[in-house]
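In: Okay, sequence plus prediction incoming.
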Amino acid sequence: MGVSLFFDYFCRLKTKLPMKVHFIAIGGSAMHNLAIALKLKGYEVTGSDDEIFEPAKGRLAKYGILPESIGWHPERITPELDAIILGMHARIDNPELVKAKELGLKIYSYPEYLYEQSKDKTRIVVGGSHGKTTITSMIIHVLQQNGIDCDYMVGAQLEGFEVMVKLSEEAKIMVIEGDEYLTSPIDRRPKFHVYQPTIGIVSGIAWDHVNVFPTFDIYVKQFEIFANMIPADGEFIYCEDDPELPALSEKILNTKKHPYGVHPYHIMDGITYLETPYGDYPLKIFGRHNLTNLNAARYACAAVGIEDKAFYEAISTFKGASKRLELVAKSDTCSVYKDFAHSPSKLKATIAAVREQFPDRKLVACMELHTFSSLSEGFLAQYKGAMDSADMAIVYYSPEAIELKKLPPISPEMIFKAFGREDLLVFHDSVLLKDKLLNINPEETVFLMMSSGDFNGIDVAELGEKIISLRA
């Protein structure tokens, strides 16, 4: 930073003028939430993007920070800016990024800026190939129910929360969902390494992001690095049921460790109850994987002073995060859920949860191959047996999504072979998929729609209402 820029920055701090921050690729899910959080904190926020969709578009407009025009505008990058925040959507040759470098402005990735905002706080960072959003959401919920102020970053909308990012001066704790994907176009570190956890959680390791981590060993190494970043006075919380984590934990020498498994529970009349020394607590969530996630959250909350009884009372009111086994429609004889599950391990866990909760109902499981990994021919074999617990299994994929990701085409035959299920149904036309779902008898049936995308424009909530209105 040049002398004049430094002087301007110093004067702004001294006079408490708003910090000026510009977002390159402001329309992303995480980026627009951080932009709103900084606006609420009193910062001057601007941004650019070459595409902005709902809900980001409407939410940015609500807070007065929606760009006036779509596209990249290097003239908006001026010496008066205190910081540039760079999103993953931007390319390395982005004209605004080039201009910022020419001016010598401070450029942060999204994770770097979160760390800057939280470096003097206790950082609870939740990592793992699955369950991150749920565990993060549980911790935030319990802390708030117990009157403990915390900052946070979570990857899904939570009921009662305006934004997915909160930043303040007062909170002493920040809870962060720690994604292992790349930090930015100019920083190849996994995001969760940047956060430097005080308390670190790893929920499980199941190979993902094959475009970045081409072998399983390379992928596992990222979690070992993460765990070794926890300081001696911190805590490493890990799932002891995971095939990789017990051995990985042996390599973590100077940190207090808490292995966890599934919390004792039982199901009665369609309701899951926690079994505790203080009595049984009915839950609004269900599934063995959620009861395992709950135990991770319990250890994290204990590390910041929440006693078990207070934890159980608070968690009994937790309704779950958006798209995580979210009930979108129901009748007396039919339920329709949507879930973010897309990787093989997530499919198995989510289907198993619904099967356990509704043992006497027909289970129709429908998933979309949407991520880079899931649409890669070399990765498809990982899905073998992933949907075997469903009574009816349906897989959808979009040839257009494959083309946009610049991947070699895949065929229904390849998917059929990969999943290894003789009665698997494969669709690549969302209209035909919707027709099929609407022609299934909904009586005594549970429909489970799983995707990190949107089935090429299918409104699952609307579809669910149509399904439950049908009769045999």
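Out: Nice, thanks for sending it over.

In: Please make it C-alpha for all contacts and neighbour counts, starting now.
Out: OK.

In: Nearest the middle, which residue of the protein would you pick?
Out: Using Cα atoms, centre = their mean, the residue of the chain that lies closest to the mean C-alpha position is Gly155, 3.8 Å off.

In: Identify the residues contacting that residue.
Out: Listed by Cα atoms under 8 Å, 6 or more residues apart in numbering, the contact partners of Gly155 are Ala30, Thr133, Met164, Glu177.

In: Next: Ile84.
Out: Counting by Cα under 8 Å, 6+ apart, Ile84 makes contact with Val21, His22, Phe23, Ile24, Ala100, Leu105, Lys106, Ile107, Tyr108.

In: So it, which state does it fall into?
Out: At Ile84 the chain is in strand, as set by DSSP: H, G, I helix; E, B strand; the rest coil.

In: what's the distance between it and Ala100?
Out: 8 Å (Cα to Cα, to the nearest Å).

In: what touches both of those two?
Out: Lys106, Ile107.

In: and Val142, which of the three is it?
Out: Under three-state DSSP, Val142 comes out as helix.

In: What sits closest to it if chain neighbours are left out?
Out: Distances taken as Cα to Cα, 6 or more residues apart in numbering place Ala314 nearest to Val142, at 5.3 Å, with adjacent residues excluded.

In: got it, and Ser343?
Out: Looking at Ser343 with Cα to Cα, 6+ apart, the closest residue is Ser374, at 7.0 Å.

In: Count the neighbours of Phe358 for me.
Out: Here the count is done by other Cα atoms under 10 Å, and Phe358 has 17 residues near it.

In: That one contacts Gly270, doesn't it?
Out: Yes - between Phe358 and Gly270 there is a contact under Cα atoms under 8 Å: 7.2 Å.

In: Pull the distance from stretch 260-267 to the chain's centre.
Out: 23 Å (Cα atoms, centre = their mean, to the nearest Å).

In: before we move on, the earlier item: show me the contacts of Gly155 that map onto helices.
Out: Of the contacts of Gly155, the ones assigned to helices by DSSP state H are Ala30, Thr133.

In: low-scoring pLDDT stretches of the stretch 1-150 of the chain, where are they?
Out: 1-17 (pLDDT under 70).

In: now the helices: where do they sit in it?
Out: For the stretch 1-150 of the chain, the helices defined by DSSP state H, counting those that start in this stretch occupy 3-15, 29-40, 56-62, 95-103, 110-118, 132-145.

In: Tell me how this structure divides into domains.
Out: Per automatic domain parsing, the structural domains of the chain span 3-105, 113-315, 326-468.

In: which helix of this protein spans the most residues?
Out: helix 288-303.

In: so what does that helix touch, helix or strand wise?
Out: helix 132-145, strand 199-202, strand 235-239, strand 256-260, helix 308-315, helix 344-357 (3 or more Cα pairs under 8 Å, 6 or more residues apart in numbering; DSSP states H and E).

In: hmm, back to that, specify the local secondary structure of the residue nearest to the centre of the chain.
Out: Reduced to three states by three-state DSSP, Gly155 is coil.

In: coming back round to it: from the helices and strands packed on helix 288-303, which stretch is densest packed?
Out: strand 199-202 (a mean of 28; mean count of other Cα atoms under 10 Å).

In: Can you report how many residues lie near Thr198?
Out: 22.

In: roughly how far apart are Leu407 and Lys221?
Out: Counting by Cα to Cα, the separation of Leu407 from Lys221 is 26 Å.

In: Let's have the helices and strands packed on helix 288-303 in TSV, adding distance to Gly42.
Out: Listed next are the helices and strands packed on helix 288-303 as TSV, based on distance: least, Cα to Cα, whole Å:
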stretch	distance to Gly42
helix 132-145	23
strand 199-202	29
strand 235-239	34
strand 256-260	38
helix 308-315	31
helix 344-357	39
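
In: Check these for me: which has the lowest mean pLDDT.
Out: Of all these, the minimum mean pLDDT falls on helix 344-357 (a mean of 90).

In: Quick one: work out the angle between that helix and helix 288-303.
Out: 100 degrees (axes from the mean of the first three to the mean of the last three Cα atoms, to 10 degrees).

In: How far does helix 344-357 sit from its chain's centre?
Out: Distance, centroid of helix 344-357 to centroid of chain: 18 Å (Cα atoms, centre = their mean).

In: Which strands or helices does that helix pack on?
Out: helix 288-303, strand 362-369.

In: Need the CA coordinates for that helix. PDB is fine.
Out: Provided in PDB are the C-alpha atoms of helix 344-357 (Å, rounded to 0.1, in the frame of the first residue of the first chain):
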ATOM      1  CA  PRO A 344     -22.300 -41.100  -2.300                       C
ATOM      2  CA  SER A 345     -21.900 -40.900   1.500                       C
ATOM      3  CA  LYS A 346     -24.500 -38.200   1.800                       C
ATOM      4  CA  LEU A 347     -27.000 -40.200  -0.300                       C
ATOM      5  CA  LYS A 348     -26.500 -43.300   1.900                       C
ATOM      6  CA  ALA A 349     -26.900 -41.400   5.100                       C
ATOM      7  CA  THR A 350     -30.000 -39.400   4.000                       C
ATOM      8  CA  ILE A 351     -31.800 -42.400   2.600                       C
ATOM      9  CA  ALA A 352     -31.000 -44.400   5.700                       C
ATOM     10  CA  ALA A 353     -32.400 -41.600   7.900                       C
ATOM     11  CA  VAL A 354     -35.700 -41.500   6.100                       C
ATOM     12  CA  ARG A 355     -35.900 -45.300   5.900                       C
ATOM     13  CA  GLU A 356     -35.400 -45.500   9.700                       C
ATOM     14  CA  GLN A 357     -38.000 -42.700  10.400                       C
END
